[in-house]
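Peer 1: Next one to model:
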Amino acid sequence: MSDQPSLFDDIPDEPSEKQKQTGGVLAERVQELHKLLHEANHAYYVMDDPSIPDAQYDRLFHELKDIEAGSPEYFSPDSPTQRVGAAPLSQFEQVTHEVAMLSLDNAFNSDDLADFDKRLKKLVVLKEGVAEYACEPKLDGIAVSLLYESGILVRAATRGDGSVGENITQNIKTVSSIPLKLMGTGHPDVLEVRGEVYMPKAGFDAFNQRAIANDEKPFVNPRNAAAGSLRQLDSKITASRPLEFCCYSLGRVEGAEMPAKHSEILNQFSQWGFKTNPESKVVKGVEGLLEYYQQLEAKRNQLAYEIDGIVYKINDIELQQTLGFTGRAPRWAIARKFPAQEEMTLLEDVEFQVGRTGAVTPVARLTPVFVGGVTVSNATLHNMDEVERLNVCIGDTVIIRRAGDVIPQIVKVVMEKRPADAKAISLPELCPVCESHVERMEDEAVARCTGGLVCAAQRKEAIKHFASRKALDIDGLGDKIVEQLVDEEKIKSFLDLYRLKHDDIANLERMGDKSAQNLLAAIEASKNTTFAKFLYALGIREVGVATAQSLVNHFLDIRTLVKADFDALIEVEDVGPIVAKYILQFFSEPHNQEIIDGLLNIGIQWPAIEQKSEADQPLLGKTFVVTGTLSSMGRDQAKQYLQSLGAKVAGSVSAKTSGLIAGEKAGSKLTKAQDLGIDVFDEAALLDLLSAHGINHET
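Peer 2: Residues are numbered from 1 along each chain as shown. Got it, this is the predicted structure:
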């Protein structure tokens, strides 16, 4: 984006009241629209850095077009309505198009399409009384012309201003979906194929992720990614970009007869090796146009590429030639736009929301704007890294994007419109829900609330985890019951589970007296557990079953663990610096301390653990992985037996694995262990191993 002051700072989108009251309103407004549109064209086509959303550009363009139509004296040859794009970059050789690459008129609703069909019928006599149309998705990329001589690609050019484009032959040859030599037979002596170079969604997302990871500027949208990629002076850069080409029309042709219908020409292109759009279809009449629109709009967000509308063309080439052209567009074609997916609005404020896992996310509060078919007043900012990357402030004018059901997001700040009193966005120190501390690890983009046991935003997921099988194993306390209890404010923390009364449960949906009695009994039974299960149930970040067991084996007692400092924690197997910090954060939070004390006072207990000698841990220092189905015991029980003998039990096979316990239907882990030459034990060998160390398991 240029550092020069923008015309958009002082020029309104609509005429001012003062202008409306003066005789020179149209002349002044036309001049303003010329400036606005010329600047937007330069930013979009030349700099590949759009300054305003497409929808706003369309409004300005059609306002100017309507003025010129109603008052021809305000038309001038340099009007933006007479230009298709913009001048080519000076670094590229210029190419003059022998057949102009014109733009298309737009239809924004069903009435516009009906009017288009009526105009055609006034201009030509249709044999069947109903027009046949070729319908194609309007790809959101960059238009190019490919020139073939004797079946060989000799030149490629951008559309440019419709008359003169840029020679991008070397770059276009790097796009694998473009044939360098035509397939099949019957090629014309000279053939010009026109189409769109675009970047598929998956390739665009991957490219931007790499750019952000390398502290480089990402592209705003796939269209600008494609344009920027094609207009590289170094074709090696273009070759590294995931570009594709889809043809949509015929330009110049010499030395051969082409089919009589547009759809048949596309079929011929396909036989010669070009990619054509599989969503293309031939329909009849206005009803066919409208039905095709509804069908494609419904699947728009499932397509692998971006489209911003549909192109409708008279299918009969002879009719196309009869209808001819206006100054800038063919009379026989029109583009029906989808609801705009990008718009410009004001960022009024930023609030921070807390997710179910404690993630603290900035959410932009916007001046409401209609985009993507709905009115949008909020947009995600993801995390503070994204805030910094966008360089966004409260008070900024921003471009937001909404595609289908995707959460609206800010994609760009219009820096030229930043006010002097714009306010920087800062991460809160305390959780906006529970006032626990907010922590952000150095190597993470996401900030998190540390009050996992008391934060209302995290309450449901924390309680579900606490009651799960590998934790306190409260039989009958399923997800739906937890959600009902929380929604009805029967429970706000783990402690409240042990304070529930019979009627609290019996009155829930699909519960009764017997079910309530069984659940209360299961809650009471959960008080007798193990230290490792209790520790895992607390839901400390990155403390899974194996890490919880390692902490238990090292510290033996919860009070010793709670008082452990950083140096003591990193001495534990499986606990590195990051996990140690999570543990310290959790136990230092007063809310969490209160919950733990309350659970112990309620009566949660476990057998005391005695320090084992090395003789009592014959498998100390060894790492096992358990996979497949064991008939004599569950895998969790097998893991507990191995851990009781001092072994570490991991979830994946690596070069550090000492042995793999493989039950029936062992899959990829068995294959990997065999490839690495790791000892493999079947179930019988596991039982022998356990028996040799004093553990006799009976089926």
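Peer 1: can you map out the helices along the stretch 451-600 of the chain?
Peer 2: Assigned helices in the stretch 451-600 of the chain, in chain order: 459-467, 479-487, 494-497, 502-506, 513-525, 531-537, 545-555, 558-563, 566-569, 577-588, 590-602 (criterion: DSSP state H, counting those that start in this stretch).
Peer 1: Single out the most deeply packed of the ones you listed.
Peer 2: Of the helices of the stretch 451-600 of the chain, the one with the most neighbours on average (mean count of other C-beta atoms under 10 Å) is helix 531-537, at a mean of 23. C-beta: built from backbone N, CA, C; applies to glycine.
Peer 1: how far away is residue 296 from residue 697?
Peer 2: Noted for residue 296: a distance of 62 Å to residue 697, by C-beta to C-beta, to the nearest Å.
Peer 1: brain fart, residue 590
Peer 2: Going from residue 590 to residue 697 by C-beta to C-beta gives 44 Å.
Peer 1: sec struct for the closest residue to residue 80 other than its chain neighbours, please.
Peer 2: In space, and not counting its chain neighbours, residue 80 is closest to residue 37: 3.8 Å by C-beta to C-beta, 6 or more residues apart in numbering. What DSSP: H, G, I helix; E, B strand; the rest coil gives for residue 37 is helix.
Peer 1: Now distance to residue 316 and mean pLDDT too, for the helices of the stretch 451-600 of the chain, in CSV please.
Peer 2: As requested, these are exported to CSV (distance: least, C-beta to C-beta, whole Å; pLDDT from 0 to 100):
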stretch, distance to residue 316, mean pLDDT
helix 459-467, 61, 89
helix 479-487, 60, 89
helix 494-497, 74, 92
helix 502-506, 73, 92
helix 513-525, 71, 94
helix 531-537, 72, 94
helix 545-555, 70, 87
helix 558-563, 81, 92
helix 566-569, 78, 91
helix 577-588, 67, 89
helix 590-602, 74, 91
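Peer 1: if I've got this straight, residue 253 is in a strand?
Peer 2: Yes. Assigned with three-state DSSP, residue 253 falls within a strand.
Peer 1: Now do the same contact list for it.
Peer 2: Residues in contact with residue 253 (C-beta atoms under 8 Å, 6 or more residues apart in numbering) are 188, 190-192.
Peer 1: For the stretch 151-300 of the chain, which segments count as strands?
Peer 2: Using DSSP state E, counting those that start in this stretch, the strands of the stretch 151-300 of the chain run over 152-158, 164-166, 190-198, 244-254, 281-284.
Peer 1: Mean pLDDT and distance to residue 458 added to those strands, as TSV?
Peer 2: Formatted as TSV, these follow (pLDDT from 0 to 100; distance: least, C-beta to C-beta, whole Å):
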stretch	mean pLDDT	distance to residue 458
strand 152-158	93	52
strand 164-166	90	55
strand 190-198	96	42
strand 244-254	94	43
strand 281-284	95	49
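Peer 1: sorry, back to before: quick one, which of the helices of the stretch 451-600 of the chain is nearest to residue 375?
Peer 2: Closest of these to residue 375 is helix 479-487, at 28.6 Å (criterion: C-beta to C-beta).
Peer 1: on that earlier part again, residue 296 and residue 697: which is more packed in?
Peer 2: For residue 296 versus residue 697, neighbours defined as other C-beta atoms under 10 Å are more numerous around residue 296 (21 against 13).
Peer 1: these two touch, right, the more buried one and residue 137?
Peer 2: Yes. With contacts defined as C-beta atoms under 8 Å, residue 296 counts as touching residue 137 at a distance of 6.2 Å.
Peer 1: Pull up the overlap in contacts between the two.
Peer 2: 279, 307, 310.
Peer 1: thinking again about what came up before, for the residue nearest to residue 80, what are its contacts?
Peer 2: With contact set as C-beta under 8 Å, 6+ apart, residue 37 has these partners: 57, 60-61, 64, 80.
Peer 1: ok, those residues vs residue 657, which is closest?
Peer 2: residue 57 (59.7 Å).
Peer 1: Let me know the helix or strand that the closest residue to the closest one other than its chain neighbours is in.
Peer 2: Excluding the flanking residues, the one nearest residue 57 by C-beta to C-beta, 6+ apart is residue 40, at 5.3 Å. Assigned by DSSP states H and E, residue 40 belongs to helix 25-41.
Peer 1: Need the strands of the stretch 151-300 of the chain in CSV (columns: distance to residue 503).
Peer 2: Shown next, in CSV, are the strands of the stretch 151-300 of the chain (distance: least, C-beta to C-beta, whole Å):
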stretch, distance to residue 503
strand 152-158, 74
strand 164-166, 77
strand 190-198, 62
strand 244-254, 64
strand 281-284, 62
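Peer 1: Among those, single out whichever gets nearest to residue 392.
Peer 2: Here strand 190-198 is closest among those (C-beta to C-beta), at 27.8 Å.
Peer 1: What angle do strand 152-158 and that closest one make with each other?
Peer 2: Counting by axes from the mean of the first three to the mean of the last three C-alpha atoms, to 10 degrees, strand 190-198 lies at 50 degrees to strand 152-158.
Peer 1: Which elements pack onto strand 190-198?
Peer 2: Here strand 190-198 touches strand 142-149, helix 222-230, strand 244-254, going by 3 or more C-beta pairs under 8 Å, 6 or more residues apart in numbering; DSSP states H and E.
Peer 1: Same list (these) but as a markdown table, adding distance to residue 264.
Peer 2: Formatted as a markdown table, the helices and strands packed on strand 190-198 follow (distance: least, C-beta to C-beta, whole Å):
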| stretch | distance to residue 264 |
| --- | --- |
| strand 142-149 | 19 |
| helix 222-230 | 28 |
| strand 244-254 | 11 |
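Peer 1: for these, which one sits closest to residue 649?
Peer 2: The nearest among the helices and strands packed on strand 190-198, by C-beta to C-beta, is helix 222-230 at 45.9 Å.
Peer 1: Flag the shaky bits of the stretch 1-150 of the chain, pLDDT-wise.
Peer 2: Regions of the stretch 1-150 of the chain meeting the criterion pLDDT under 70 cover residues 1-24, 42, 45-48, 77-78, 82-90.
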